[in-house]
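**Student:** Need a 3D model of the sequence below.
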Amino acid sequence: MKLLLHTCCAPCSVYCIDSLRKEGIEPTVYWFNPNIHPYLEYKARRDTLKQYTKDINLNSIFDEAYGLKEFCKEVINDLDNRCKNYCYPVRLEKTAKYAKENGYDTFSTTLLVSPYQKHEVIIKIAEKVAIKYDLKFLYRDFRVGFKEGQTKARELGLYMQKYCGCIFSEQTANYDHKSFADKVQLQNKITERKIRLSWDVPNLELKPYKNGSEIHFIYDLKKEVYKEYVEKNYGEWNEENQQKLFARFMKENSKNIELIYLKDELVGFYNGKNKDNNTFEIGNICVKPEYQNKGIGTAVLKEILFEHKEQNIKLQVFKINEKAIKLYEKMGFKKEDETETHYIMIKK
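**Tutor:** Numbers count the residues shown, from 1 in each chain. Next up is the predicted model:
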């Protein structure tokens, strides 16, 4: 494989290059970014990348086209869609064209590392360009290493830009800074969570419950939990009392419920809440029977442990559920206390 790696800046290239080298792939860096303005910003990013590639002994090619006039002409009529209509296509097209004309058989881009970019749009454009030039597009979801790469870049003292690239993104980052920062932080968190969940179960996702029609789904799943609990310990059970118990559950937990989706199909839910600053308590992790034993509950539990890694995690499990007890013990939980029907388990 002879790979030409379009590169938008040094900090974004750090993880991409490191991870490719671990795969035994030695890329050639290709700089072509006529969307970066003003010129002093363009120069700072370009010069930093030149020095970084020299420091790590990596081949690099720099197309010095600044391109402010052309950029303005191309985006002015549809500023909201400037990324997908111009910024992505012009760079990926030029990269593929250079690759084809200079003996490369594969291309990729460091744009794939950023949770701020339109990931799926980049992939579609790159795949289309690859067909046009009869090349391979090397796809990697580099976003998993975004924070790692940024941390290393800071440690190396690389110039760290404060916005995506063009003058309009500079306005968004600085003039509309707070709302933009909040939006990016939330989107970044959602993206990272989806990636972590997909490591174990592809296309798995957690979404907050918003008092919608899903209440019937939650009730049906919770009903099975109640049924097992009551029949084992109290004998006969009736629908009226079950509905009262569920209403109490929703009143206490509706704000703490997250829905579990697999390929956009609702397959379960979980609820948990902070007991205090030091302890997070898991109430339920419920998965539809036909989707059990597929790693879904385990993946959700791993995500809970990750998101609350600074806290103790507490849960209750039926004494009769030996399979669940063994799983929790395998993941570091220990029995701390017990009731007549449950073990209280905790992971510190």
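**Student:** Quick check: buried residues in the longest strand along the chain?
**Tutor:** In the chain, assigned by DSSP state E, the strand with the most residues is strand 265-276. Buried residues in strand 265-276, counted by 16 or more other CB atoms under 10 Å: L266, V267, G268, F269, Y270, N271, G272. For the C-beta atoms, the positions are set from N, CA and C on the backbone; glycine is no exception.
**Student:** ranges for the strands of the stretch 101-250 of the chain?
**Tutor:** Applying DSSP state E, counting those that start in this stretch to the stretch 101-250 of the chain gives strands spanning 106-109, 136-137, 204-208.
**Student:** out of those strands, deepest packed?
**Tutor:** strand 106-109 (a mean of 25; mean count of other CB atoms under 10 Å).
**Student:** could you give me the average pLDDT of it?
**Tutor:** Mean per-residue pLDDT for strand 106-109: 98.
**Student:** Next: stretch 40-50.
**Tutor:** For stretch 40-50, mean pLDDT rounds to 95.
**Student:** Please enumerate residues in contact with it?
**Tutor:** Stretch 40-50 has contacts (CB atoms under 8 Å, 6 or more residues apart in numbering) with 7-10, 13, 29, 31, 33, 36, 60, 62, 64, 66, 158-159, 161, 170.
**Student:** pLDDT weak spots in the stretch 101-250 of the chain?
**Tutor:** Low-confidence segments of the stretch 101-250 of the chain (pLDDT under 70): 173-186, 225-238, 241.
**Student:** Please name the residues that touch the nearest residue to F32 once chain neighbours are set aside.
**Tutor:** What sits nearest to F32 in space, not counting adjacent residues and going by CB to CB, 6 or more residues apart in numbering, is D63, at 4.2 Å. Taking CB under 8 Å, 6+ apart as the criterion, D63 is in contact with Y30, W31, F32, K94, Y98.
**Student:** what does N312 give?
**Tutor:** N312 makes contact with N278, T279, F280, I346, K347, K348, according to CB under 8 Å, 6+ apart.
**Student:** what's the burial count for the second one?
**Tutor:** Yep, that's T279 we're talking about. Per other CB atoms under 10 Å, the neighbour tally for T279 reads 15.
**Student:** Can you give me the pLDDT of it?
**Tutor:** 92.
**Student:** And for the fifth one?
**Tutor:** K347 is assigned 88 on the pLDDT scale.
**Student:** Could I get the phi/psi values of it?
**Tutor:** Here is the backbone geometry of K347 (degrees, to the nearest 10): phi -120, psi 120.
**Student:** Look up which residues are beta-bridged to it.
**Tutor:** Here K347 sits in beta bridges with I313, going by DSSP bridges.
**Student:** so how many other residues sit close to it?
**Tutor:** By other CB under 10 Å, 21 other residues sit near K347.
**Student:** How about K334?
**Tutor:** Counted with other CB under 10 Å, K334 comes out at 11.
**Student:** same deal with G332?
**Tutor:** G332: 12 neighbours (other CB under 10 Å).
**Student:** Among the contacts of stretch 40-50, name the ones in helices.
**Tutor:** Counted as lying in helices by DSSP state H, out of these, are A10, S13, E170.
**Student:** Correct me if wrong: F249 contacts Y219.
**Tutor:** No - in this structure, F249 is not within contact of Y219 by CB atoms under 8 Å, at 9.2 Å.
**Student:** more crowded one of these two?
**Tutor:** Between F249 and Y219, counted using other CB under 10 Å, the more crowded position is F249 (19 against 16).
**Student:** Contacts only, for that one.
**Tutor:** By CB under 8 Å, 6+ apart, F249 lies in contact with K222.
**Student:** so how far is Q316 from it?
**Tutor:** 14 Å (CB to CB, to the nearest Å).
**Student:** same check, this time on N57
**Tutor:** Distance, N57 to Q316, using CB to CB: 56 Å.
**Student:** which ones are touching the closest residue to Q316 other than its chain neighbours?
**Tutor:** Closest residue to Q316 apart from its sequence neighbours, by CB to CB, 6+ apart: H342 at 4.5 Å. By CB under 8 Å, 6+ apart, the contact set of H342 is Q316, V317, F318, K319.
**Student:** Any of those residues buried? List them.
**Tutor:** Burial by neighbour count, 16+ other CB under 10 Å: within the contacts of H342 this picks out Q316, V317, F318.
**Student:** which among those residues gets closest to E23?
**Tutor:** When those are ranked by distance to E23 (CB to CB), V317 comes first, at 41.1 Å.
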